[in-house]
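**Student:** below are the sequence and a predicted model for it; my questions follow.
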Amino acid sequence: MQWLKERGIACVAESVLNSEEIDKTVARLVVATWNDGYAQGYAECSHHVGSALKVDWDTRRSATYGVNTNAALAAMKTEFNNLQLPVMDLINVALHSDDHVAQLKEIFPDGEDEDEDLA
């Protein structure tokens, strides 16, 4: 249990936070958020300019013209919320075993144990 307290919990957190799946999904979520914010900001600004100048503002120049950025953002939020990490499946199996610490040590080998074996 000492290993779990001193090293195991940090290993689990690092494996989740440093996972490629999280990195890629968060990057796509950031892009979808930026696109949706840009589209909404452009539409609002266009509306104000049109109202102030009493003209119909042509929004076809917007980079997001005709794109449903809100739906794209909603889809990315759903993808993020449903993200499955392979390491979490391994951890879940380990936590349901009789010796969960030994199982976790197999998933996250500690260099100190290898050094002790060489001595």
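**Tutor:** Yep, it's here. On a predicted model such as this, the values are computed, not experimentally measured, just so you know.

**Student:** now do the same for residue 104: its pLDDT.
**Tutor:** At residue 104, the model reports a pLDDT of 91.

**Student:** buried set for the one helix or strand residue 78 maps to?
**Tutor:** Using DSSP states H and E, residue 78 maps to helix 69-81. For helix 69-81, the neighbour count (16 or more other C-beta atoms under 10 Å) marks 69, 72-73, 76 as buried. Where C-beta positions appear, they are placed from N, C-alpha and C, glycine not excepted.

**Student:** cool, and stretch 88-106?
**Tutor:** 90-91, 94, 100, 103-105.

**Student:** separation between the residue of the chain most remote from its centre and residue 44?
**Tutor:** Most distant residue from the mean C-alpha position of the chain: residue 54, 43.6 Å away (C-alpha atoms, centre = their mean). Residue 54 is 17 Å from residue 44, where distance means C-beta to C-beta, to the nearest Å.

**Student:** thought residue 83 was touching residue 21?
**Tutor:** Yes: Residue 83 lies in contact with residue 21 (C-beta atoms under 8 Å); the separation is 6.2 Å.

**Student:** give the rounded mean pLDDT of the longest helix seen in the chain.
**Tutor:** Counting residues, the longest helix in the chain under DSSP state H turns out to be helix 20-53. For helix 20-53, mean pLDDT is 93.

**Student:** got the buried residues for it?
**Tutor:** Taking 16+ other C-beta under 10 Å as the criterion, helix 20-53 shows 25, 29, 32, 35-36, 39, 42-43, 46 as buried.
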